[in-house]
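**Student:** Prediction below, plus the sequence it came from.
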Amino acid sequence: MADITGFDPNQAGNPNNNIFGLPFSEEDSRVVLLPIPWEVTVSYNAGTARAAEQVFKASLQVDLFDPDVKDGWKQGFYMKDIDRKILLKSDYLRKEAELYIDYISKGDAVCDNKFMSKSLREINEGSKFLNNWVYEQTSALLQKGKLVGLLGGDHSTPFGFFRAIAEQHADFGILQIDAHCDLRKAYEDFRYSHASVMYNALSEIPEIKKLVQVGVRDYCEEEWEYICNSEGRVVTYFDKSIKERQFEGETWKEIVNDIVDQLPEKVLISFDIDGLDPKLCPNTGTPVQGGFETEQVFYLFKKVIESGRTIIGFDLNEIGVGESCGDASVGARVLFKLCNLLVKSNS
């Protein structure tokens with residue numbers, strides 16, 4: 001374990017240290033964060049592929065005192081280096097995807113255009129490559145006994161992590177904070193689209209016994225029908241329904257208790273930052289009015305732990321990059337809370 005006797009948590013974060021200015025190595029850390037600089041299939045605003053470096057910088061301003069998890073950081077939080085080869089591959093395929101999305105938006109047939117057909121094939125192959133890379137990276141960390149968190153990148157990125165978690169823990173559930181369902185089948189012909197991650201996870205990973213979605217407020221009829229026909233495997237708490245329940249007198253505590261009751265014993269948190277009110281994350285890929293304050297979501301996570309359930313991992317995605325540092329600042333604080341809750345849940 002790292003010697004932290006000379007480390008002062010009350011001082012400004014040291015940029016020569018790791019995430020949050022902490023003086024831990026990967027070997028010494030209980031929580032290891034994998035940054036995934038990937039945004040190939042985003043369908044609106046880009047930038048999240050570079051979120052990890054912005055969040056790292058903002059993390060140096062995060063105070064390490066958390067009254068809910070005192071001294072959680074002492075167990076060690078570490079973020080691996082950003083893989084520049086993955087970022088370059090994302091940049092290349094993102095340009096291909098932009099051309100492809102523009103082409104199909106005009107109603108032209110892909111089969112009539114050899115270049116577009118080639119682009120689609122390359123994008124789908126690239127997404128499979130990314131899924132396998134994430135699986136290999138996270139599987140290796142889990143086998144070492146690490147608690148693992150992912151920092152995207154778009155919301156397609158955790159699919160390989162879900163596979164690794166399934167091998168490590170067998171049956172588990174996903175608690176998804178999101179403005180969107182992500183239950184579309186091959187959105188825009190991209191099989192592993194950011195808008196399809198939960199569809200793909202449920203289709204390909206039988207160990208996922210339950211998907212509980214919270215805060216959804218932008219979805220299509222196809223996704224609505226999927227939820228209705230899931231026989232309870234997918235339970236969605238729409239933003240509209242949550243707010244109407246509150247308007248009619250229910251407390252957030254009562255609604256949270258209802259949500260927690262739907263979860264199995266082992267829970268992975270999949271946090272799309274656009275689940276928050278967009279005033280907190282205006283540069284996220286697809287902002288939608290409505291959503292949560294951070295403390296509402298943190299209260300939900302706290303109650304998951306208090307219920308006796310175990311948080312077995314998390315992903316945090318779709319943090320935007322803008323001219324100000326606001327998105328990264330919010331993202332860094334959400335990330336710190338998730339790290340703390342992960343160690344508390346596994347203490």
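**Tutor:** Here it is on my side, so go on. Residues are numbered from 1 along each chain as shown.
**Student:** just checking, residue 343 touches residue 70?
**Tutor:** No - contact status for residue 343 versus residue 70: not in contact, 11.3 Å apart, counting by CB atoms under 8 Å. All C-beta atoms are positioned from the backbone trio N, CA, C, and that covers glycine.
**Student:** More neighbours: which of those two?
**Tutor:** residue 343 (20 against 12; other CB atoms under 10 Å).
**Student:** Name the SS class of the more buried one, please.
**Tutor:** What DSSP: H, G, I helix; E, B strand; the rest coil gives for residue 343 is helix.
**Student:** residues contacting it?
**Tutor:** 30-31, 69, 72, 75, 147 (CB atoms under 8 Å, 6 or more residues apart in numbering).
**Student:** could you redo the last one with a cut-off of 10 Å?
**Tutor:** 30-31, 69, 71-77, 147, 311 (CB atoms under 10 Å, 6 or more residues apart in numbering).
**Student:** quick one: the strands in this protein?
**Tutor:** 31-36, 77-79, 147-152, 172-177, 208-216, 234-238, 266-272, 310-317 (DSSP state E).
**Student:** Which pLDDT does the model give the nearest residue to residue 153 once chain neighbours are set aside?
**Tutor:** Nearest non-adjacent residue to residue 153, counting by CB to CB, 6 or more residues apart in numbering: residue 36, 3.9 Å away. For residue 36, the pLDDT comes out at 98.
**Student:** List the buried residues in the helix ranked longest in the chain.
**Tutor:** Ranked by residue count, the top helix of the chain under DSSP state H comes out as helix 114-143. The neighbour-count check on helix 114-143 (16 or more other CB atoms under 10 Å) flags 116, 119-120, 122-124, 126-127, 130-131, 133-135, 137-139, 141-142 as buried.
**Student:** what is the orientation angle of that helix with strand 310-317?
**Tutor:** Angle between the axes of helix 114-143 and strand 310-317 is 150 degrees (criterion: axes from the mean of the first three to the mean of the last three CA atoms, to 10 degrees).
**Student:** by contact count, what packs against helix 114-143?
**Tutor:** strand 31-36, helix 84-105, strand 147-152, helix 159-169, helix 197-204, strand 310-317 (3 or more CB pairs under 10 Å, 6 or more residues apart in numbering; DSSP states H and E).
**Student:** Quick one: work out the angle between the fourth one and helix 114-143.
**Tutor:** Right, helix 159-169. Using the same axes, to 10 degrees: helix 159-169 against helix 114-143 is 30 degrees.
**Student:** Also the last one?
**Tutor:** Counting by the same axes, to 10 degrees, strand 310-317 lies at 150 degrees to helix 114-143.
**Student:** Same check on the second one?
**Tutor:** Orientation note: helix 84-105 sits at an angle of 140 degrees relative to helix 114-143 (the same axes, to 10 degrees).
**Student:** For helix 84-105, which helices and strands make contact with it?
**Tutor:** strand 31-36, helix 114-143.
**Student:** of all the ones you listed, which lies closest to residue 281?
**Tutor:** Smallest distance to residue 281 across the helices and strands packed on helix 84-105 (CB to CB): 17.8 Å, for strand 31-36.
**Student:** Within its sheet, name the partner strands of that closest one and how each one runs.
**Tutor:** Using DSSP bridges, strand 31-36 pairs in its sheet with strand 77-79 (parallel), strand 147-152 (parallel).
**Student:** residues of that strand that come out buried?
**Tutor:** Neighbour-count burial for strand 31-36 [16+ other CB under 10 Å]: 31-36.
**Student:** and which of those residues is nearest to residue 191?
**Tutor:** Closest to residue 191, out of all of these and judged by CB to CB, is residue 36, at 17.8 Å.
**Student:** Which strand residues bridge that closest one?
**Tutor:** Applying DSSP bridges, one finds that residue 36 bridges with residue 152.
**Student:** From residue 104, how far off is the residue of the chain positioned farthest from its centre?
**Tutor:** Within the chain, residue 112 marks the point farthest from the mean C-alpha position, 36.4 Å out by CA atoms, centre = their mean. Distance of residue 112 to residue 104, computed by CB to CB, to the nearest Å: 11 Å.
**Student:** one step back: got JSON lines for the helices and strands packed on helix 84-105, with distance to residue 290 too?
**Tutor:** Shown next, in JSON lines, are these (distance: least, CB to CB, whole Å):
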{"stretch": "strand 31-36", "distance to residue 290": "27"}
{"stretch": "helix 114-143", "distance to residue 290": "29"}
